[in-house]
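Peer 1: Whatever this is, show me its structure:
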Amino acid sequence: MQNSPLRITIVTGFFLPVPPVRGGAIEKTWHNLAVRFAAEGHVVTFISRQWPSMPKRETLSGVTHIRVRGFDHTRFLKINLLLDLIWGIRVAMALPKGDVVICNTVSLPVWLRSLKPSAGKIVVSLGRLPKGQIPFYRHVSRIYAPTRVVAKRIASEWATAGALTRIVGYPIDWEMLRSASAQNGNPVVIGFVGRLNPEKGIELLLRASIVLAQRAGLPDWRLVLVGPVSVNDGGGGESWITSLESEFGPRLGGQLVREGPEFDPKRLASKYGSMDIFCYPSLSDTGETFGVSIAEAMASGCAAVVSSLECFNDLVTDGKTGLVFDHRQADSPERLADCLGSLIVDAGRRRTIAAEGQLHVRQFDYPQVARIILEDLSDLTGADRKNGNNAPMTREDPFLGQGCSTPYTHGENASRLLWAVVQATLFRLSPRPWHAFRARLLRAFGANIPEPGKVVIFPTASVVFPARLSLAPRSMIGPNVSVYNLATISLLRGANVSQNCHLCAGTHDYLRWSMSLVAKPITIGENSWLGADVFVGPGVSIGELCVVGARSVVVKDLPSHTVCAGNPCRVLKERPPPSA
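Peer 2: Residues are numbered from 1 along each chain as shown. Model prediction:
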């Protein structure tokens, strides 16, 4: 236990309550971790969706639950992102003061520090592969990734985030699941537990079962599917499952059993424990990140068979802790049937793989994962808590940034916050060809863009203050360009800024301990071209038809009609007028 307790707030998504009476791997995981954190003496608050049978506020097992009005999940990503934004605003209003807030949401980490810094350091727990949001998590102190593949994707979106990332697999109640093992192999039960959704490979599993049913000499076996079907619960819908049952039910007969979802942990463990083989044939390259049900089944003594998604590599080593089939091949039903058939026939191999898998997933037992997270949170917040509000502060030597304060008004900060949300959603997620749409978004926030239909702005570009941006017709801001316009940045007619450039209109007065902000405008001249990765510093003007070579560092004005490059950038030669 820590010398002083942490004040931890955990936030989950907008569509499920906690405790998890309607399931949800993230909700179940963090609820159980919250109880363990509280048992260690920490002050834990949990914010989740309001639910009819639950009060808006209560304390259970030492955890204070605050429930906020949420929404049902939809099939549409952009609608869900909008609902996530609204949810984040509601959550921010309910957040207590704390040392750390753990966010299982998309937009809240983008702007929470600006809106409510008293909530504490921001930790993001990613339950899905990131979809471009990582570069906006500039004020996040830690990112938890469930697998190596997620950590790799985080670093690919923003290299700095790689240093903030820790791999923490989803925890499971290993002891309870292990004690539920009750496999007998008569008949051999092949099981699936999860959302009954097309992306989970249910049809593929049924086709593989037809292949098995046509093979003579196999011991008696049965396929059991357990999970929700309704769209609100993440399923594929009643019409979809009905069509599958109409096609495959008559051909499989009594070998196919479908059961509804099971949300009670002990009864769910018993279902796992009755399965000899657990099959998870997911087809979702972007929707899977860990495979909680796979880990739970392995802890219950099932031999696991999974598709070849890279995210399952942390759980299943082919031929040792489970079997892997290539779901991308045209003959994937036959390949899956081969894996299942080999385990149905060979009980000894089935038991060996099950035992290896059960031992492997012990590392994800709740006490071990809780200890890892608490140690990490203590490291993140330790210095802050040593000098907390109730602790006497000693006089210290001067330091850079001492006495620094924001130069912006509350109105400017509010506008900047709202723009950050719009930029992270509507702007960033808009299709690449929609340059005029993004220009109009910028103009709606004050940018000087007289003709939005005649500029090019890529969706991965970032702008700090739209009201301090001026774009003349035929100018272009390329992919991943950072427009750090603390003062006005102007692109004149035909100016082109290539990918990964950084236009930095702000610096600091290093002669003062306060490091006060110094902002100076930047002008990119008519028909000038900045090559890839160019840095342009505060107060710089680049002349007409000037060419700046890739990765140059420009800290002084550059004359018109020249070709320039280097660090620091200098004139190399004159540029002749372009030909037709």
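Peer 1: Once you drop chain neighbours, what's closest to Trp419?
Peer 2: Closest residue to Trp419 apart from its sequence neighbours, by CB to CB, 6 or more residues apart in numbering: Phe445 at 5.2 Å. C-betas here are computed from N, CA, C, even on glycine.
Peer 1: what residue ranges in the stretch 351-500 of the chain score low on pLDDT?
Peer 2: Of all residues in the stretch 351-500 of the chain, those with pLDDT under 70 make up the ranges 383-397, 402-406, 410.
Peer 1: end-to-end on stretch 100-107?
Peer 2: Across its full length, stretch 100-107 reaches 17 Å between end residues, using CA to CA, to the nearest Å.
Peer 1: rewinding a little: ok, the residue nearest to Trp419 - contacts?
Peer 2: For Phe445, the contacting residues are Ser415, Leu418, Trp419, Val422, Pro466, Ala467, by CB atoms under 8 Å, 6 or more residues apart in numbering.
Peer 1: Could you report the neighbour count for the fifth one?
Peer 2: The number of residues packed around Pro466, counting by other CB atoms under 10 Å, is 23.
Peer 1: So it is in contact with Asn448, correct?
Peer 2: No - under the criterion of CB atoms under 8 Å, Pro466 makes no contact with Asn448, lying 9.4 Å away.
Peer 1: From Asp84, how far off is the residue nearest to Trp419?
Peer 2: For Phe445, the distance to Asp84 under the criterion CB to CB, to the nearest Å works out to 21 Å.
Peer 1: Which parts of this protein belong to which domain?
Peer 2: The record's domain parsing of the chain by automatic domain parsing lists 7-171+366-386, 174-362, 415-574.
Peer 1: Looking at those domains, which is nearest to Pro398?
Peer 2: For the domains of the chain, distance to Pro398 was read as CB to CB. The smallest value, 4.9 Å, belongs to domain 415-574.
Peer 1: Endpoint to endpoint, the closest one covers what distance?
Peer 2: One end of domain 415-574 to the other measures 43 Å (CA to CA).
Peer 1: and if you look at stretch 257-268?
Peer 2: Distance between the two ends of stretch 257-268: 16 Å, counting by CA to CA.
Peer 1: Gly70 against Glu27, yeah?
Peer 2: No - between Gly70 and Glu27 no contact is recorded; they are 11.8 Å apart, counting by CB under 8 Å.
Peer 1: Give me the common contacts of the two.
Peer 2: Common contacts of Gly70 and Glu27, defined by CB under 8 Å, 6+ apart, comprise Gly13, Ser48.
Peer 1: circling back to that earlier point, what's the closest of the domains of the chain to Leu400?
Peer 2: Between Leu400 and the domains of the chain, the shortest separation by CB to CB is 5.5 Å, and it involves domain 415-574.
Peer 1: The domains of the chain into a markdown table, with extra columns for distance to Tyr408?
Peer 2: Putting these into a markdown table (distance: least, CB to CB, whole Å) gives the following:
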| stretch | distance to Tyr408 |
| --- | --- |
| domain 7-171+366-386 | 10 |
| domain 174-362 | 37 |
| domain 415-574 | 7 |
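Peer 1: Compare these and give me the one nearest Thr409.
Peer 2: Among the domains of the chain, domain 415-574 comes nearest to Thr409, with 9.3 Å by CB to CB.
Peer 1: show me the contacts for Asn485.
Peer 2: Asn485 makes contact with Val463, Val464, Phe465, Arg468, Leu469, Leu503, Ala505, Ile522 under the criterion CB under 8 Å, 6+ apart.
Peer 1: Tell me where the stretch 1-150 of the chain is predicted with low confidence.
Peer 2: For the stretch 1-150 of the chain, the stretches flagged by pLDDT under 70 are 1-3.
Peer 1: mind redoing it with 90?
Peer 2: Counting by pLDDT under 90, the stretch 1-150 of the chain shows low-confidence ranges at 1-4, 20-26, 28, 53, 73-78, 81, 113-115, 127-132, 138.
Peer 1: which stretches of it form strands?
Peer 2: Taking DSSP state E, counting those that start in this stretch to define them, one finds strands in the stretch 1-150 of the chain at 7-11, 43-49, 57-60, 63-68, 100-103, 121-125, 142-145.
Peer 1: Check which helices and strands the fifth one is in contact with.
Peer 2: Packed against strand 100-103, as judged by 3 or more CB pairs under 8 Å, 6 or more residues apart in numbering; DSSP states H and E, are the following elements: strand 7-11, helix 108-115, strand 121-125, helix 366-386.
Peer 1: Which positions within the first one qualify as buried?
Peer 2: Counting neighbours by 16 or more other CB atoms under 10 Å, one finds that the buried residues in strand 7-11 are Arg7, Ile8, Thr9, Ile10, Val11.
Peer 1: just those residues now: which is nearest Ser270?
Peer 2: Distance to Ser270, by CB to CB, is smallest for Ile10 among these, at 28.2 Å.
Peer 1: How much space separates Asn313 from Ile277?
Peer 2: The separation that Asn313 has from Ile277, given CB to CB, amounts to 20 Å.
Peer 1: I should have written Arg153 there, sorry.
Peer 2: To Ile277, Arg153 is 30 Å away according to CB to CB.
Peer 1: Tabulate the strands of the stretch 1-150 of the chain (a markdown table), appending distance to Val189.
Peer 2: Formatted as a markdown table, those follow (distance: least, CB to CB, whole Å):
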| stretch | distance to Val189 |
| --- | --- |
| strand 7-11 | 36 |
| strand 43-49 | 34 |
| strand 57-60 | 35 |
| strand 63-68 | 36 |
| strand 100-103 | 37 |
| strand 121-125 | 33 |
| strand 142-145 | 33 |
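Peer 1: Quick one: closest of these to Lys320.
Peer 2: Closest to Lys320 of these, according to CB to CB: strand 142-145, at 23.6 Å.
Peer 1: Just confirm Leu112 contacts Cys103, I think it does.
Peer 2: Yes - between Leu112 and Cys103 there is a contact at 7.4 Å, judged by CB under 8 Å.
Peer 1: Common neighbours of these two, please.
Peer 2: When CB under 8 Å, 6+ apart defines a contact, the residues bordering Leu112 and Cys103 alike are Ile122.
Peer 1: And the strands of the stretch 1-150 of the chain: which comes nearest Glu157?
Peer 2: When the strands of the stretch 1-150 of the chain are compared for distance to Glu157 using CB to CB, the nearest one is strand 142-145, at 10.7 Å.
Peer 1: Against which helices or strands is the closest one packed?
Peer 2: Helices and strands touching strand 142-145, as assessed by 3+ CB pairs under 8 Å, 6+ apart, comprise strand 121-125, helix 148-157, helix 159-164, strand 165-167, helix 366-386.
Peer 1: can you do 6 Å?
Peer 2: Taking 3 or more CB pairs under 6 Å, 6 or more residues apart in numbering; DSSP states H and E as contact, the helices and strands that strand 142-145 lies on are strand 121-125, strand 165-167.
Peer 1: want to throw the helices and strands packed on strand 100-103 into a markdown table with distance to Gly235?
Peer 2: As requested, those are exported to a markdown table (distance: least, CB to CB, whole Å):
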| stretch | distance to Gly235 |
| --- | --- |
| strand 7-11 | 25 |
| helix 108-115 | 27 |
| strand 121-125 | 24 |
| helix 366-386 | 27 |
